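Novice: Pasting the sequence and the predicted model now:
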Amino acid sequence: MKQSFTTQLIIRVTLMAAVVIAGGLFIDYSLSRDRLVAGLEEGARSSISAAVLRIEELTTGLEGAVRFLAEAVDEVPDEARIDTVLRSVIDSNPHIFAAAIALDIEHAGAPEGLAPYLYRNGSSLVRTDLSNADTPYWQEPWFASIRDSGRAAWVEPYFEPTGAKVEMTTFSAPLHRNDAGGAKVFIGVATIDLRLTDLYDYLDDLSIDKKGFGFLLTAQGTLIGAPDGRVISAPLGEVLHSDGVSNWKDWLKDASTEPRRALVNCPQTAERCQLRVADVQNSKWSVGVVYSEDALLSPLRDYQLRVLIVGAGMLVLIGMVVSIVTKRLTEPLLALATASQSIARGELDVPLPAHRGDDEVSQLVGAFDSMRQDLGHYIRDLESAAAQRSRMDGELSAAHEIQMAMLPQGGKAELHTDAVDLWARVRPARAVGGDLYSFHQTGRRLLISIGDVSDKGVPAALFMAKAISLIQQWEVQPATVPPEIALQQLNEGLTRDNDNCMFLTLFMGVLNLDTLKLHYASAGHGAPVLLREGEPSMLEQQRGPALGLREGLSFPLNELQLQTDDRLVIYTDGFDEAQNTADDMLGEAALCEILAGPDKLPLDEAGAAIFAAVDQFTAGAPQFDDMSLMLLEVPGQRRSALQSEHQSLEIDAALPSQAARWLEDQWRAQGLPDSALRDMQLVLEEVVCNVRDHAQTGDNATLSLGLERFADRVELECIDPGHAYNPLEDAERSALGESTEEASIGGLGLHLITRLTTRQSYHREDGRNILRLRMDLPVWEQNGPDTATGD
Amino acid sequence: MNLDTKLHEDRDKSLLRVCMIGGLNTDTAPGFEATLAEAITDDWQMVLLDMKSLDYVSSAGLRVIFKAAKQLKAAGRSLAVANRQPQIEKVFEILQALPDMAVFSNDSELDEYLDAMQAKVKGRDAH
C-alpha cells in the first residue's frame, strides 16, 4: 500500500513514541509491582501476628481468671461461695460467656455432686447446675481429662446442650487443696466457657479480603472460623482442600513446613488461595488465615490499568502533536507537488506556498520559484525558436520545390528517345542543395550536364540556381556550343562577382543520337562509369578545374563511342563519398560494384537500386552530401526479354483453366524450370480469378497475358479492360496464422501473389489495368525450347 | 485440371479418409466442396484429407478446406491433413493455414494420434 510521506512520518514517529512509552511504563510497573507485592505480604504477616498476639492475650487473661477461681476456692467451698466467685469472674470479664465450678464427687457433699454453672442470658446471668444432667458430670471428658491430667487445657469446641445451648469452647483448670500433709488434693474443675462467636471476634480483622477468612486451630486440628460468613467448627481437612497437602495433621506437626504456608482452594470460589498458619505461644492452638492471591493483587491490577490508561492517553497526545507538526512541515511540500503538476501542464503562474524564514522547505520553495521562472523564460525562448524554425522550414520547403522545379521533370526525370534512354535523380542532403542535372534534346543531339556546387545547403542552392540558368541558356542556343567551350563561357559567367569563392564541378556532354558519339568535358568533376557487358569501368578523361574561381580557363574535350547495351553512369561525389555511422567512406571501387549490381534491371529500377544500395551502406547515417545520379543507356538485347509471348483470352468462366493451360505451354516452350511453374500457376490463378470476378467487363472482353523470359527472371503481364482495379491494394487481404475459429475463409490470394513473386507493379493506362509480376529465377541450366521435356 | 476423390470409411476409429487425386483449384474447388460437404454430414469424429496424390492447391482450394475445418470444429469434430507434397506444404506455409489443424506426414503418425485419442476418449468414458 502506498502511503504519503506525511502518513509515513506520523506513523513512524508515533510508533517510536509508543515503544518508548511502553518501555518506560513497563520498567515503572515492574518496580512498582515488586514493591506492592512485598507490601501486601508484609500486611498479611503483620495481621496474623496481631491476631496471634490477641489470642495470646485472651488465653493469658482466661488463665488468670481460672487461676483466680482456683485460688478463691482453696478450701472446699459451699454453694453460695461458688456462686459469688463465678458471678464476680463473669462480671469482671466481658468475653467470658459462662463459668462453672464442678466439685469432685468426694468433696461435693451430695451424692449427685455439686457443679453450679452461670451463663449470660442477655444482660442477666442464669444459674443452673450441671449435676442435673442425665450423665454424671464427673464422667464427662471435660472433667475427667482435667482430673486425670492435672493440668489446665482448652477443650475442643462442642455444643452445650443443657445451659446456654450454643456452640462453645471451654478452658478448664483443676482445683487443688493442700491437705494436712502438704500434698495436693484434687477437689474439682473450674471451667470458663467462650462462645465460638465471641472467640471469633478476636480474629475479625484477619479477613484480608472477601474471599478469604481467618480461623483458630485447636490442638486437635479443629478449625474455628467462618469460611462462609457463619462461625463453625470443623476438622481442618473438611474445610480446606489442597493439592499439595493430603494429611493436615502431619502437615501441622511437621516442623519443616515452618513458616506454614500452602496453596489451597478458596472455600467459596474455584480460585487458588494462600494459607498461612502461626502458632500461639504457650498453647497448642494456632491462628490461620486463608486469602485469595488475586484479591490481594487487585490493587496491583488497578495500578496496571491506570498505567495503561495513562500510556494510551500519552500516545494519543503524542500522535496528535506529531500529526500537527508533520502536517505543518509537509503542507508546503504537498502544495509544491500540486504546483509542479500544474506547471507540468503548462500553468506556469500557479501560486506557490508562502515561505518564511530560511529553513529547508523555504529554500526548496525559493528554488522551485526560480526554476519556474527559468522554465517560463526557457519555454518562451523555445516557442519563439520553434516559430522561427517552423517559418524557416516552410521557407526551405518552398525553396526545395522551387529548386526541384529548376531541374528537368522536378528532380526525377526519364527520357526515352529512339536511340537512348535517360534516367536522372537528385537527392539533396538538406532541404535544398547544390547538386544539379540537366538535359535537352535539340535535333539529333542530346545535351547533358550534371554538377555539384561546393558546400551544401542554402548558399550552394543559390549558386546552383545561377549555374543552372546559365546551363539551360547553353542548351537552347540555336547552334550547339561544344561542351569544352560551353564550360569556358560558364566559367566566365560564374566567376563574375563571385566574392564568396563558391565553385562548381560540372560534367557536360553532347551525344550524337545518330553516331552514338559522346563529346564531353569536365570541370573538376569525377569521371563517369561505363557499364559494358556488365563490367564497370571508369572513363579516362582529361579534365579542367572547377568553375567560378578564376577567369580565362580552358577545358579539354573528351570523346566516347557508345555501343548498343552500354550504360553510362554519371554521378556526383555524394555517392563515392557517402559515409556510414563509423565514418567509413564508400569509395570508388565499392561504388563501381554497386553500379554494376543491377546491370540487368531496367533503367529506372537500376537507378532506384543504386540509391538503395548506397543507403544500405550508410545504414542510417545522415546523408553526408547532395547526391545526383544520371543513367544513360543505349537499349539493345542485353536487358530485353529473351523470349516473349502474348495471348488474348476471353474473360469467361473458363478463363482460369485456359490461362493455366496457356501458361504451362509457354513455360515449357520457353524452357523455364518446372520447379517454378507451380508457383507461377498459383499466381496466375489468383490474378485471372480476380479479373474474372472483379473486372466487370462487357461481353467478348479479353484478358491479354504476356510471359517474358529474361536472363535472370520471368515476368508475367496481365492487361484487362475492366474498371480501375489494383489487386495489390484493393483486393481483400486476410490476416494469416489465425486459429480455425478466427480464420477468414477468403482473402488468401493476395498473400500468394506477394509471396511467390519478387516484384509487383500496377498501373492504369488507356483504360486498361496493367499488372506486371516478376519472378526471379534461380540460376538454372537453361533448357532451350528444343530440350524442354514434357510429362 | 481434374480432381478425383475416394472415400475410405473407418467406423472403428470414426475416421473418414478423403483421398484427393489431382489438383484443387478454382475449377475443381466447387465440386470438391460439394463432395466434402456431403461426406462430412455423417458423424465422423475426424475427417482426414489424404493429399498423397494431390499435386496442386490454390487459395480457392484452401478456402474449401478452411470452410470444412470451421464447420467440423464448430461441431466438436476435427479436420486433419496428411501426406502433403512439398509444393502443397509450401502453400499451407505461406498462408499459415490453420496453425491448430492436425497435420500428419505419414500414416504411422496418424495411427499414433488416433490411438492416443481413443485412449483419451475411453479414459473419459470410464469416469
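Specialist: Everything's here; your move. Residues are numbered from 1 along each chain as shown, chains lettered A, B, ... in the order given.

Novice: On the three-state scheme, the one residue in the stretch 151-300 of chain A that gets nearest to chain B is what?
Specialist: Chain B sits closest to residue A:270 of the stretch 151-300 of chain A, with a gap of 59.2 Å, by Cβ to the nearest Cβ. No exception for glycine: its C-beta is placed from N, CA and C like everyone else's. Of the three states, residue A:270 takes coil under DSSP: H, G, I helix; E, B strand; the rest coil.

Novice: Repeat that for residue A:632.
Specialist: Per three-state DSSP, residue A:632 ends up strand.

Novice: Model confidence score at it, please.
Specialist: pLDDT, residue A:632: 96.

Novice: what's the answer for the one 5 residues further on, then?
Specialist: On the pLDDT scale, residue A:637 is placed at 80.

Novice: Could you list the low-pLDDT ranges of the chain?
Specialist: Let's take chain A. Low-confidence segments of chain A, defined by pLDDT under 70: A:1-3, A:73-76, A:162-164, A:204-210, A:255-258, A:281-283, A:745, A:779-791.

Novice: Chain B is the one I meant
Specialist: In chain B (pLDDT under 70), the answer is B:98, B:121-127.

Novice: what does it put close to chain A?
Specialist: B:1, B:25-27, B:56, B:58-60, B:62-63, B:66-67, B:69-70, B:73-74, B:87, B:91, B:94-101 (Cβ under 8 Å from any Cβ of the partner chain).

Novice: So which of these sit within helices?
Specialist: The members of the residues of chain B next to chain A that map onto helices under DSSP state H are B:59-60, B:62-63, B:66-67, B:69-70, B:73-74, B:87, B:91, B:94.

Novice: Check those residues and tell me the two furthest apart.
Specialist: B:74 and B:87 (30.1 Å; Cβ to Cβ).

Novice: Checking my notes, residue A:569 in a helix, right?
Specialist: No: Residue A:569 is assigned strand when assessed by three-state DSSP, not a helix.

Novice: what's it in contact with, if anything?
Specialist: A:528-531, A:536, A:595, A:610, A:629-631 (Cβ atoms under 8 Å, 6 or more residues apart in numbering or on different chains).

Novice: ok, what's across the strand from it?
Specialist: Counting by DSSP bridges, residue A:569 is bridged to residue A:529, residue A:631.

Novice: any idea how far chain B is from it?
Specialist: 37 Å (Cβ to the nearest Cβ, to the nearest Å).

Novice: Relative to residue A:25, how far out is that residue?
Specialist: 98 Å (Cβ to Cβ, to the nearest Å).

Novice: now residue A:161
Specialist: From residue A:161 to residue A:25 the distance is 63 Å (Cβ to Cβ).

Novice: ok, which residues in chain A are in contact with chain B?
Specialist: So far as Cβ under 8 Å from any Cβ goes, chain A lies against chain B at A:656-657, A:660, A:678, A:681-682, A:685-686, A:689, A:736-741, A:743, A:745-746, A:748-749, A:751-752, A:755-756.

Novice: re earlier: out of residue A:161 and residue A:25, which sits in the busier spot?
Specialist: residue A:25 (16 against 8; other Cβ atoms under 10 Å in any protein chain shown).

Novice: which SS class is that one?
Specialist: Strictly by three-state DSSP, residue A:25 counts as helix.

Novice: isn't it right next to residue A:307, touching?
Specialist: Yes: with contact defined as Cβ atoms under 8 Å, residue A:25 counts as touching residue A:307 (5.2 Å).

Novice: ok so, going back, of residue B:74 and residue B:87, who's got more company?
Specialist: Using other Cβ under 10 Å as the criterion, residue B:74 and residue B:87 rank with residue B:87 on top: 17 against 10.

Novice: those strands in chain B, which residues are they?
Specialist: B:3-10, B:15-24, B:46-57, B:78-82, B:102-104 (DSSP state E).

Novice: Reformat these as JSON lines; add distance to residue A:407.
Specialist: Shown next, in JSON lines, are the strands of chain B (distance: least, Cβ to Cβ, whole Å):
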{"stretch": "strand B:3-10", "distance to residue A:407": "59"}
{"stretch": "strand B:15-24", "distance to residue A:407": "54"}
{"stretch": "strand B:46-57", "distance to residue A:407": "51"}
{"stretch": "strand B:78-82", "distance to residue A:407": "58"}
{"stretch": "strand B:102-104", "distance to residue A:407": "58"}
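
Novice: now those strands in TSV, with mean neighbour count and distance to residue A:483?
Specialist: Formatted as TSV, the strands of chain B follow (neighbours: other Cβ atoms under 10 Å in any protein chain shown; distance: least, Cβ to Cβ, whole Å):
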stretch	mean neighbour count	distance to residue A:483
strand B:3-10	14	68
strand B:15-24	21	63
strand B:46-57	21	60
strand B:78-82	22	69
strand B:102-104	17	68
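
Novice: and the longest helix for chain B?
Specialist: Chain B, longest helix under DSSP H: helix B:107-126.

Novice: residues of that one that come out buried?
Specialist: For helix B:107-126, the neighbour count (16 or more other Cβ atoms under 10 Å in any protein chain shown) marks B:110, B:113-114, B:117 as buried.

Novice: likewise stretch A:686-696?
Specialist: Buried-residue list, stretch A:686-696, by 16+ other Cβ under 10 Å: A:686-692, A:694-695.

Novice: follow-up on the earlier one: just the closest of the buried residues of helix B:107-126 to residue A:262, please.
Specialist: Distances from residue A:262 to the buried residues of helix B:107-126, taken by Cβ to Cβ, are shortest for residue B:117, at 83.9 Å.

Novice: how close does the closest one get to chain A?
Specialist: Counting by Cβ to the nearest Cβ, the gap from residue B:117 to chain A is 17 Å.

Novice: what helix or strand is the closest residue to residue A:735 other than its chain neighbours on?
Specialist: Residue nearest to residue A:735 in three dimensions, not counting chain neighbours: residue A:744, with 7.2 Å by Cβ to Cβ, 6 or more residues apart in numbering or on different chains. Taking DSSP states H and E as the definition, one finds residue A:744 inside no helix or strand.

Novice: For residue A:744, give me its contacts.
Specialist: With Cβ under 8 Å, 6+ apart, residue A:744 has these contacts: A:734-735, A:738.

Novice: Put the buried members of these into a PyMOL selection.
Specialist: In PyMOL syntax, the buried subset of the contacts of residue A:744 is picked out as below (16+ other Cβ under 10 Å):
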select buried, chain A and resi 734+738
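
Novice: Please flag which of the contacts of residue A:744 sit within helices.
Specialist: Going by DSSP H, the helices hold none of these.

Novice: ok, the contacts of residue A:744 vs chain B, which is closest?
Specialist: So of the contacts of residue A:744, ranked by how close each gets to chain B (Cβ to the nearest Cβ), first place is residue A:738, at 8.0 Å.

Novice: Format the contacts of residue A:569 as CSV; extra columns: distance to residue A:705.
Specialist: Listed next are the contacts of residue A:569 as CSV, based on distance: Cβ to Cβ, whole Å:
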residue, distance to residue A:705
A:528, 40
A:529, 38
A:530, 37
A:531, 32
A:536, 37
A:595, 35
A:610, 32
A:629, 35
A:630, 36
A:631, 30
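
Novice: Just give me the neighbour total for residue A:331.
Specialist: So residue A:331, with other Cβ under 10 Å, has 13 neighbours.

Novice: Quick check: residue A:486 touching residue A:472?
Specialist: No: contact criterion Cβ under 8 Å: residue A:486 and residue A:472 do not qualify, at 11.6 Å.
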